[in-house]
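[1] Could you look at this predicted model? Sequence included:
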Amino acid sequence: MNPTLSRVFPWLFFAAAAVLPLLFASDYRLFQLTMVVVYAVAVLGLNLLTGYNGQVSLGNGAFYAIGAYTTAILMDKFGVPYWATLPFSALVCAGVGFLIGLPALRLGGMYLALTTFALAVATPQLLKYKLFEGWTGGVQGIVIDKPDAPFGLPLNPDQWLYLFCLLVGGVLFLAASNMVRGRIGRAMRAIRDQPTAAEAMGIDIAMFKTRTFATSALFTGISGSLGAITIQFVAPDAFGVPLSLTFFVGMVVGGGASIAGAIMGALFIQFVPNIAEEVSKAAPGAVYGLILIGFMFLLPGGLASLLRLLNGKRA
Amino acid sequence: MKRRSLLATAGAALAAAPLARALADTVVGVTATEIKIGNIMPYSGPASAYGAIGHGHVAFFKRLNEQGGVGGRKVNFITLDDGYSPPKTVEQARRLVEQEQVAFLFNPLGTPNNSAIQKYMNQKKVPHIFLSTGADKWGDPEHFPWTMGWQPSYRTEAQIYAKYIMKNKPAAKVVVLYQNDDFGKDYLIGLKDGFGKDYAKYVLKEFSFEVTDATIDSQAVSMQATGADTIVTAATPKFAAQMIRKVADMNWKPLHFLTNVSASVGAVITPAGPEKAVGIITSAYAKDPTDPTWDKDAGMIEWRAFMKKYLPDADLTDGGYVFSYGVCTTLLQVLKQCGTDFSRENIIKQAASLKNLVVPTLLPGVIVSTSATNFHPIRQMQLSKWSGKTWELFGDIIEGTGA
């Protein structure tokens, strides 16, 4: 691809993603695609932290849960419209992410992975905790309403929700790609690859690491909010360890340190389990595992490496 | 010539259109030859052991189709995997309702999973019946007229224990150990229903624990310290086994009621020590496939013959298959009562019109009954006591209190 094309391509992709599904996809397919957008934002959030900055997190599902619950509680208890909950959930998650990023500074590699994993393990129990029960609805969770299209747009709720999520997701993807392409992104990668050299160059490692944590939490939190609106239900057991691992799988399969990889990773975690189930009802988990191993053998750099390969050949 | 044939085709299509639309409007998922039924099970993920239930269903409908189907139609049974994840349940429910266009959803499994789709199913007015979960909230026809449970709820079970205690041990001093989730809390509600205004007189104190706790030892010690002589334990297998062991080790000999969720010999009694569990009381509504009492029972002979032919490799001690056979038999009765009208309205109406149905895998005397106001199909259980070797049923069939 030549440089102009590669600059225009994301916009073409976005336009196609906005128009084509509305014309051709059924409500059910739109729902699935909406979940792809939701997962893509979550995988992107994890990618900023782990892929670009090298801080391994197995607990981003916790931020997703906080975002989802912030939205659900605001809508259910305070009657806040769905769109207005997003800034709140972004703020809350960024704050929590920043705080968790502080102790994480002292931990590297496996130890950080384990600490964040503990976060994922604790989340469902915390959500069930008696003190918060009045708000979180305890184990029963919270059921929320599906938004209708505003301004009398001729769209059904599924179509509108898809567009809404796509728009929010698009803004976040644009922000992320600008961020990683510039000075901040270089600093993030420098910290990942050569922390000593980065520090010698005058990069404030502590600041960058905690802020990356906060940004990652913000992205994942908004994704959680969008997910809650799409599913119309939050319950503690939906936000356990498997969710965090799903994001991790999405990131690795899509390709670490890749913006486009997040989209491909999201497609993978949304659709491949369904394919595995088609193959075998007796052991869908085993089929999924095999597909995963196959992917890692054939594309160790993730799906994004396929794109880079194509790019490289053409240039 | 060409134009005329085109016109003729168009005319025929126009004439047929209203008919086709009328059919589509009223009987989604039903054609002249088949009826499409949807189901969601955790074939993967943390609860995949329950997948046996889904495999049982598939075999049941295979037999039904071989025997000619029901109402002149074959059953097209579509079962999907949700990995026990509520968001996935929503996706699969939408796939079944919108993409596959099933007539109704039968026996999806899991409390959080069904909570996630209950509103959707009721908005779409698609029957959501005979769920695989013991939560009590599935019998609420006033707010959710399209959703119906099947098995006795945890609440009903607790009502039955309360009823037994009031009748047979009126001076009992009761302590309750419950798991702090919807499962455990349903038992508290059930005990409150059962004891009614005398609740405070019977129950000295309630103790809770989290599923994440390592042990319930400290609770057990505090429970003994209250001076109680009766325990109701609403705990999942691991904690139930700890409780049985701890109570025996403390040399405490209370009357001990144990939720039937934890009545498994392999998972609870054996690890706790069969001799330590002697005298513990639980309850049952279905026949235990490992209980020799039912070796010559007509219902279980029927079930074993079915298993041998359609699921020859399955583990016959897995209660999931017995459950599957029972709930499928109930559904078959509903479909028979539908006659040839398989509209969604009629399906839920017939599901709510079961009269004293006897199911081969349920205990003798336990019947399935529903009405427009009663969406709890099974409300009776029988108590059974651990003898040291097996669970032995005793006493009469007891019915839960309240509606």
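    That came through fine. Computed from a predicted structure; not experimentally measured. Residues are numbered from 1 along each chain as shown, chains lettered A, B, ... in the order given.
[2] quick one: low-confidence parts of chain B?
    Scanning chain B for pLDDT under 70 picks out B:1-26, B:402-403.
[3] Enumerate the residues of it near chain A.
    B:43-46, B:48, B:51, B:54-55, B:79-81, B:83, B:85-88, B:90-91, B:94-95, B:98-99, B:112, B:115-116, B:118-120, B:180-182, B:210-212 (C-beta under 8 Å from any C-beta of the partner chain). All C-beta atoms are positioned from the backbone trio N, CA, C, and that covers glycine.
[4] What segments of chain B are strands?
    Secondary structure of chain B, counting by DSSP state E: strands at B:34-41, B:74-81, B:104-106, B:128-129, B:147-148, B:174-179, B:203-209, B:230-234, B:255-258, B:281-284, B:380-386, B:391-399.
[5] cool, chain A as well?
    Counting by DSSP E, the strands of chain A are A:142-143, A:233-234.
[6] which one of the ones you listed has the most crowded surroundings?
    Of all the strands of chain A, strand A:233-234 has the most neighbours on average by mean count of other C-beta atoms under 10 Å in any protein chain shown, namely a mean of 28.
[7] coming back round to it: which of the residues of chain B next to chain A count as buried?
    Among the residues of chain B next to chain A, those classed as buried by 16 or more other C-beta atoms under 10 Å in any protein chain shown are B:43-45, B:48, B:51, B:54-55, B:79-81, B:83, B:85-88, B:90-91, B:94-95, B:98, B:112, B:115-116, B:118-120, B:180-182, B:211.
[8] Out of these, name the ones that lie in helices.
    Residues of these located in helices (DSSP state H): B:51, B:54-55, B:86-88, B:90-91, B:94, B:112, B:115-116, B:118-120, B:182.
[9] Tell me which two of those sit farthest apart.
    The largest distance within these, taken as C-beta to C-beta, falls between B:His55 and B:Lys119 and amounts to 29.1 Å.
[10] excluding its backbone neighbours, what's nearest residue 42?
    The chain I'm using is chain A. Distances taken as C-beta to C-beta, 6 or more residues apart in numbering or on different chains put A:Ser223 closest to A:Ala42, at 3.9 Å, once the chain neighbours are dropped.
[11] wait, chain B
    Spatially, and ignoring its direct neighbours in sequence, B:Pro42 is nearest to B:Tyr84 (3.9 Å; C-beta to C-beta, 6+ apart).
[12] what residues are up against that neighbour?
    By C-beta atoms under 8 Å, 6 or more residues apart in numbering or on different chains, the contact set of B:Tyr84 is B:42, B:45-48, B:109-110, B:113.
[13] same thing but at 6 Å, please
    Neighbour list for B:Tyr84: B:42, B:45-47, B:110 [criterion: C-beta atoms under 6 Å, 6 or more residues apart in numbering or on different chains].
[14] what do you get for B:Ala286?
    Listed by C-beta under 6 Å, 6+ apart, the contact partners of B:Ala286 are B:322, B:326, B:361-362.
[15] again, 7 Å this time
    Contacts for B:Ala286 (C-beta atoms under 7 Å, 6 or more residues apart in numbering or on different chains) come out as B:322-323, B:326, B:361-363.
[16] Among these, name the ones in helices.
    Counted as lying in helices by DSSP H, out of the contacts of B:Ala286, are B:322-323, B:326.
[17] Could I get the residues you listed in TSV, plus columns for distance to B:Val278 and neighbour count?
    Shown next, in TSV, are the ones in helices among the contacts of B:Ala286 (distance: C-beta to C-beta, whole Å; neighbours: other C-beta atoms under 10 Å in any protein chain shown):
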residue	distance to B:Val278	neighbour count
B:Val322	26	26
B:Phe323	27	20
B:Gly326	29	26
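[18] Which one of those residues is nearest to chain A?
    Nearest to chain A among the ones in helices among the contacts of B:Ala286, counting by C-beta to the nearest C-beta, is B:Phe323 at 18.0 Å.
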